[in-house]
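Student: heads up, no residue letters with this:
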């Protein structure tokens, strides 16, 4: 049976306990290890701040380690978690998702069906939207995650492939383009990334009125993507390999 580790970067949002509870309740082979990466910028965070969230893990608590980054961003947090992983697969979850009830079993099936040249297997993300009214811009933006090709909200990566690629590029300080950058580097190196069958729920978090302003900061990440992957990086990110030229012509 294929073994795996789960890496969860967190800012200790209220959603973390629900994320861990869903993982603990999922049926199937358990993760060999769980790495929680505390990415709060506080240089000396309260040591008991994780205590409540950890109580929901049950017997998985003894397989859980905690690392801290000092608030260097999601790319650095995932790299910190990766360095602690000994399993052949590292599965990255965001702290605001909830894996499905059979996630562990479905994940192991995804991993066992992977060909030797498969580096990554994303899960199927669903975003529940409110009924009875039109969704807000923030809710529609979150719903777009369900169509993202390489979203790290639930992404399994072959540990050795990540280490060969140098992990996530820490020049991306936000959870915005760091996932696409890594995927493009792996594909350029000859690896494959294929979609899995396991399902994960991504509820819409509440957002402040300044959320759209924060999203505009991602323009700097787009500029870095152009520098690293060329002006056509967007076509590579949204079009399956082999259809890039046709996609560009249609566009």
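Tutor: The structure has been received and is ready for your questions. What you see is a predicted model, and the numbers here were worked out from it, not measured in a lab. Numbering: from 1, shown residues only.

Student: Quick one: low-confidence residue ranges for this structure.
Tutor: Confidence mapping of the chain against pLDDT under 70 gives the ranges 43-47, 130, 137-147, 205-220, 233-251.

Student: how about the helices in the stretch 51-200 of the chain?
Tutor: In the stretch 51-200 of the chain, the segments counted as helices under DSSP state H, counting those that start in this stretch are 51-55, 74-84, 103-112, 137-143, 159-165, 178-188.

Student: and of those helices, who's closest to residue 21?
Tutor: Shortest separation from residue 21 across the helices of the stretch 51-200 of the chain is recorded for helix 51-55, at 8.8 Å, computed as Cβ to Cβ. (Glycine included, C-beta is placed from N, CA and C.)

Student: contacting residues around the closest one?
Tutor: Contacts made with helix 51-55 from outside it, assessed by Cβ atoms under 8 Å, 6 or more residues apart in numbering, are listed as 12, 16, 17, 20, 61, 64.

Student: Narrow these to just the buried residues.
Tutor: Members of these that pass the buried threshold by neighbour count (16 or more other Cβ atoms under 10 Å) are listed as 12, 16, 17, 20, 64.

Student: Dump the residues you listed to CSV, plus secondary structure and distance to residue 29.
Tutor: Putting the buried ones among the contacts of helix 51-55 into CSV (DSSP: H, G, I helix; E, B strand; the rest coil; distance: Cβ to Cβ, whole Å) gives the following:
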residue, secondary structure, distance to residue 29
12, coil, 28
16, helix, 23
17, helix, 23
20, helix, 17
64, strand, 16
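
Student: and which of those residues is nearest residue 170?
Tutor: Looking across the buried ones among the contacts of helix 51-55 and measuring by Cβ to Cβ, the closest to residue 170 is residue 12, at 20.8 Å.

Student: Now the closest one: phi and psi?
Tutor: Note on residue 12: its backbone torsions stand at phi 60, psi 50 [degrees, to the nearest 10].

Student: Now do it against residue 109, distance only.
Tutor: 32 Å (Cβ to Cβ, to the nearest Å).

Student: swap in residue 180?
Tutor: Shown here: residue 180 relative to residue 109, a distance of 26 Å by Cβ to Cβ.

Student: Those two: who's more crowded?
Tutor: For residue 180 and residue 109, the more surrounded residue by other Cβ atoms under 10 Å is residue 180, and the numbers stand at 23 against 17.

Student: Run through the strands of the chain in chain order.
Tutor: Secondary structure of the chain (DSSP state E): strands at 5-10, 33-38, 64-68, 89-93, 98-99, 118-122, 124-126, 154-158, 192-193, 199-201.

Student: one step back: how about CSV for the helices of the stretch 51-200 of the chain, with distance to residue 5 added?
Tutor: Formatted as CSV, the helices of the stretch 51-200 of the chain follow (distance: least, Cβ to Cβ, whole Å):
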stretch, distance to residue 5
helix 51-55, 17
helix 74-84, 8
helix 103-112, 11
helix 137-143, 27
helix 159-165, 8
helix 178-188, 17
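
Student: Compare these and give me the one nearest residue 40.
Tutor: The stretch from these with the least distance to residue 40 (Cβ to Cβ) is helix 74-84; that distance is 10.1 Å.

Student: What is the neighbour count of residue 232?
Tutor: Using other Cβ under 10 Å as the criterion, residue 232 is surrounded by 13 other residues.
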